[in-house]
Structures are given as structure tokens and as C-alpha cells.
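A.B. asks: fold the following.
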Amino acid sequence: MTQSAMSRSFAKLKIELQDPLMVRVNNQYALTEHATQLKAQLDQLMPQLSHFGVPESLELASIEREVHLAGTDLDILYVEKGIKKIQQMAPNLRLSIRSNSLRMIDDLITGEIDFLMTAIEDQRSGLYRRMVAKDEYVAVTGKNNNLTAKNFTTESYLQHRHGMFSFAEKSRVKVDDALAKLGKKRQVTLSLPSFSQIPPFLDDGQLIFSVPRGFASHLDKHLPIKILPLPFKVKPLQIYLYWHERHQSSPLHQWLKDCLLN
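C.D. replies: Residues are numbered from 1 along each chain as shown. Presented below is the predicted three-dimensional model:
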């Protein structure tokens, strides 16, 4: 500041604080008692103000808050390792996993949820996303089914009855689109609200479910099933992790995002 600007600012301070702040003592100026008290307070405040706006260091073990992630039971399989890492490194953080809904992206925009996993591609302003998984579709049926990799054709696929995950069918499973290009249509006789309800209907081998290979591999660990490559081309599944720009610079959300993506 110039000397004249400093003089004007000092004059305003004296009026606002109703104190001369400095008085002449012999040939120099000295602080008044009020100014001395103000200086002592400023000596404490200024170091704190120098850190104003700087994010605090992330103490994972002491974080106690709730973070909301929306996704289907299939989606959670793709980030299972990341969730376990979060649980281990931030034991007091509560990760609440919600089912997807038709308004899930609106919930992300309004702040109802922190992260969203979905195959939907949304370009709205303020949304960020990264791909979590890219997975091919396969056919899953029970061990008692007489289908094999050798006799599994498009025709034998269509001769069977099919089950599907109703919510994902609208945004993910491109099986019917692929069949439509061939002028074909499968017979769907069972529609389920989640992937986790599929296993009981694989026992007798009567139904075929077309699911991502990641989920099929998960089922194969626990059930006697057959996994067969689809006999026609289907666009791969792409799952994205979404977050909103309000969390883009949050150290906590950056760490959570890294855990879920790696």
C-alpha cells in the first residue's frame, strides 16, 4: 500500500474501533492499550487464517460419517475389494449401499447419494464418471441342462425359456437388441428384481439367464452351474462410477473414489 492509502485505512480503523491505536511518546509512536490487546489477538489468529481454505489432512482412522453408494448387487461385486479396503482403513466410516432407482442420477445431483454405479451414460453438467468394469455377457443355466459349448447355438438358445433381471434389462442387458438385429426374440418367462434372486431358479436347468461373466463366475463358486458363451454377438456391459462436482476436490471422496476404482 502507498503511504496515503495506509493513512486512509488507519484513519478508518481508528473511527471503527473508537481508539487512536497509536500515540506519540517522545520522538516515536507507541500502541495504545486497546491496540496492544488487538495485536495479541491477531498474533494468535493470523497463523490460523494462513491455513484458511486449505483441506485438512485425511485421518482415516478418525473419520466418523456416513457415505452413500447406489448400485445393484451385481455392481457391488466389481468394487468388492475396494469396499473391503475402505472398511479396513477407515473402520469408523459407515458405507451405506442403496439399491438403484429410476431417479438415482437425480439423487446424485441433489446430494442424496455420494457415488453411483450404473451402466447409464449421462452427460449432464456437474457429473463426473470413470469406468469400473467392462464385461462380456454369457449364458448361465443349471448343470442338468443338456446344453454344451458344442451344441449351443442361437436356435437352441431360443428354444429355451429365459429369466432376466428386470431393472438392469432397461439399461444394461443388450441381449434383446442383439437378437432383434437377427430378427429373433427370446421367450422370457421370469423377471426378477435383483441378481441375487437368480440362484434358486438354476437348479433344474430349465431356465437360461444371460448375465455378465463376472456375475457368472461369482455364481460358479457357490453353485453347480454351466457357463456358456453366447452364440451371437452382444455389446459388452460397461459399468461406471459417477460422482458430482461438489465432491471433486474433497480429500475424503478422492480417497474413496480411488479405492473403488482400483
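A.B. asks: show me the contacts for T148.
C.D. replies: Neighbour list for T148: K226, L228 [criterion: C-beta atoms under 8 Å, 6 or more residues apart in numbering]. In short, each C-beta sits where N, CA and C put it, glycine included.
A.B. asks: list phi and psi for it.
C.D. replies: phi -130, psi 170 (degrees, to the nearest 10).
A.B. asks: just the pLDDT at it, thanks.
C.D. replies: We have a pLDDT of 93 for T148.
A.B. asks: with the one 4 residues further on instead?
C.D. replies: pLDDT recorded at F152 is 96.
A.B. asks: on the three-state scheme, it is what?
C.D. replies: Reducing the assignment at F152 to three states with DSSP: H, G, I helix; E, B strand; the rest coil gives coil.
A.B. asks: can you check Y128 too?
C.D. replies: Applying three-state DSSP: Y128 is strand.
A.B. asks: got the contact list for it?
C.D. replies: Y242, W243, H244, E245, Q248.
A.B. asks: how about the residues you listed in TSV, adding neighbour count and distance to S62?
C.D. replies: Compiled in TSV, those are given as follows (neighbours: other C-beta atoms under 10 Å; distance: C-beta to C-beta, whole Å):
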residue	neighbour count	distance to S62
Y242	21	28
W243	23	23
H244	20	25
E245	11	27
Q248	12	23
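A.B. asks: inside helices: which ones of these?
C.D. replies: The helices, defined by DSSP state H, take in nothing from the contacts of Y128.
A.B. asks: just checking, K14 is part of a strand?
C.D. replies: No - per three-state DSSP, K14 lies outside any strand segment and is helix.
A.B. asks: quick one: it and L21 touch, right?
C.D. replies: Yes - K14 lies in contact with L21 (C-beta atoms under 8 Å); the separation is 5.6 Å.
A.B. asks: related to what we said a few turns ago, where is pLDDT lowest across the contacts of Y128?
C.D. replies: Scanning these for pLDDT, the low point is Q248. It has 89.
A.B. asks: now that one: how far from S166?
C.D. replies: Using C-beta to C-beta, to the nearest Å, Q248 is found at 34 Å from S166.
A.B. asks: re earlier: pull the most distant pair out of the contacts of Y128.
C.D. replies: Within these, Y242 and Q248 form the most distant pair, 11.9 Å apart (C-beta to C-beta).
A.B. asks: secondary structure element for the nearest residue to D19 once chain neighbours are set aside?
C.D. replies: Distances taken as C-beta to C-beta, 6 or more residues apart in numbering put H34 closest to D19, at 4.4 Å, once the chain neighbours are dropped. H34 belongs to helix 33-49 when elements are defined using DSSP states H and E.
A.B. asks: show me where pLDDT drops low in the stretch 51-200 of the chain?
C.D. replies: Residue ranges of the stretch 51-200 of the chain with pLDDT under 70: 51-57, 167-173.
A.B. asks: just give me the residue right at the centre of this protein.
C.D. replies: Nearest to the geometric centre of the chain sits F115, at 2.9 Å (C-alpha atoms, centre = their mean).
A.B. asks: S99 versus the closest residue to it other than its chain neighbours, what's the distance?
C.D. replies: The shortest distance from F115 to any non-neighbouring residue, by C-beta to C-beta, 6+ apart, is to L69 (4.6 Å). Distance, L69 to S99, by C-beta to C-beta: 11 Å.
A.B. asks: ok, these two, which is more surrounded?
C.D. replies: L69 (21 against 12; other C-beta atoms under 10 Å).
A.B. asks: what about the strands in the stretch 151-262 of the chain?
C.D. replies: For the stretch 151-262 of the chain, the strands defined by DSSP state E, counting those that start in this stretch occupy 161-165, 187-192, 207-212, 225-229, 237-244.
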